[in-house]
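[1] Quick one, structure for this:
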Amino acid sequence: MLESILSILITGAMISALYALIAIGFTMIFGVGGVLNLAHGALIMAGAYVFMALNRDIVAEAIALPSIVVFPLAVAIVAGLSYGLYVGLVRYIEDNAVITFLATVVLATTVTEVAIGIFGDQPYSYTVISGTVGLAGTAVSYNDLAGFVVSWIAIGLLWYYITKTDGGRSILAASMSERGARLTGVDLHSVRTRTWLIAGSLAGVAGIFLGGGQAATPLMWLNPLALAFIIVVIGGIGSIKGSIVAAYLIGYTETLTVSVLGQSFRGILSLVILLVVLFLLPQGLYGREYVHE
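    Sure thing, here's the model as predicted:
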């Protein structure tokens with residue numbers, strides 16, 4: 001019994017850290033620009049496939065690189081893709097929420113089809129770090145453990161940037177009130193650019209470790225993106241703290257559900273929690289009411 005509880009605690013902590021990364025990037029983009037970016041899921045998939053392509057000889061044996069080099073390179077590439085998505089498409093249509101939503105859905109679908117065309121629909125297995133370690137009687141892969149550690153390092157660095165630097169405070173100010181931020185001299189274009197770069201980086205990190213822990217497939221982003229949406233709503237749209245708390249709530253709920261009821265019931269309790277929160281706290285756990293500007 002004790003071993004089962006410890007296993008749930010450890011497994012839940014590992015996956016929840018990655019969910020938090022995805023949700024934070026998703027909520028930052030929505031909080032700053034009001035953009036519901038469904039292409040965020042495609043960036044998760046891109047992280048896995050870029051890492052895999054550079055780390056293995058599936059494209060060309062000559063470009064297979066060690067993981068320690070590939071990891072930051074893959075994250076930087078995904079951040080660049082996120083930036084390109086903003087400057088190449090979203091900034092021209094972001095004032096129309098419906099058009100932006102539809103455009104990002106179409107883009108995510110297109111990227112998925114391209115990935116299927118290039119790599120096929122079969123899963124590719126890889127690990128960022130191979131091997132396992134025993135924690136409290138539970139075998140944990142180094143891949144999952146590294147994902148947990150790197151995720152929390154990224155969250156810590158982001159928290160410091162948002163709360164202790166002028167650039168980070170400008171992002172926070174823009175998420176609270178676009179008009180107020182503009183009146184205080186904040187460059188909104190710069191803020192949005194940095195936000196998309198950060199969100200892309202977080203998606204890339206999460207995608208790399210999700211692919212390493214499970215498998216890289218063109219459709220691997222659907223479940224994480226759906227969970228990110230649930231997490232953001234529960235935590236409060238625009239709240240980084242809320243995304244972290246809600247990510248662990250959903251992560252542990254999923255892990256417990258799978259352990260007790262089985263894989264087929266994985267997402268049911270998460271939806272129940274979402275409905276309860278929407279009924280009792282429409283703004284989420286740490287959300288705020290939106291004011292008309």
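[2] what pLDDT, on average, does the helix or strand harbouring Val276 get?
    When elements are assigned from DSSP states H and E, Val276 belongs to helix 268-280. The average pLDDT within helix 268-280 is 89.
[3] C-alpha coordinates for it, CSV please?
    What follows is helix 268-280, C-alpha atoms only, in CSV (Å, rounded to 0.1, in the frame of the first residue of the first chain):
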residue,chain,number,x,y,z
ILE,A,268,-12.8,11.8,-16.5
LEU,A,269,-12.0,13.2,-13.1
SER,A,270,-10.1,16.1,-14.7
LEU,A,271,-13.3,17.1,-16.5
VAL,A,272,-15.3,16.8,-13.3
ILE,A,273,-12.9,19.1,-11.5
LEU,A,274,-13.1,21.5,-14.4
LEU,A,275,-16.9,21.6,-14.2
VAL,A,276,-16.8,22.1,-10.4
VAL,A,277,-14.3,25.0,-10.7
LEU,A,278,-16.3,26.6,-13.5
PHE,A,279,-19.5,26.4,-11.4
LEU,A,280,-17.9,27.7,-8.1
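[4] Quick check: the residue nearest to Met220 when sequence neighbours are not counted vs Gly284, distance?
    Spatial nearest neighbour of Met220, chain neighbours left out: Met45 (5.6 Å); criterion: C-beta to C-beta, 6 or more residues apart in numbering. (Glycine included, C-beta is placed from N, CA and C.) According to C-beta to C-beta, to the nearest Å, Met45 and Gly284 sit 27 Å apart.
[5] Check Gly168 too.
    Taken as C-beta to C-beta, the span from Gly168 to Gly284 is 22 Å.
[6] Repeat that for Arg266.
    As judged by C-beta to C-beta, Arg266 and Gly284 stand 22 Å apart.
[7] When the two are compared, which one has more neighbours?
    In this view Arg266 and Gly284 are compared by other C-beta atoms under 10 Å, and Gly284 has more residues nearby, 23 against 16.
[8] Does that one fall in a helix, a strand, or a coil region?
    Of the three states, Gly284 takes coil according to DSSP: H, G, I helix; E, B strand; the rest coil.
[9] who touches it in this structure?
    232-237, 239, 242, 246, 277 (C-beta atoms under 8 Å, 6 or more residues apart in numbering).
[10] now the helices: where do they sit in the stretch 151-293 of the chain?
    Under the criterion DSSP state H, counting those that start in this stretch, helices of the stretch 151-293 of the chain are mapped to 166-176, 178-183, 188-213, 222-235, 240-260, 268-280.
[11] What helices and strands are in contact with the longest one?
    Contacts of helix 188-213 with other secondary structure elements, assessed using 3 or more C-beta pairs under 8 Å, 6 or more residues apart in numbering; DSSP states H and E, are made with helix 2-33, helix 40-55, helix 67-85, helix 142-164, helix 166-176, helix 178-183.
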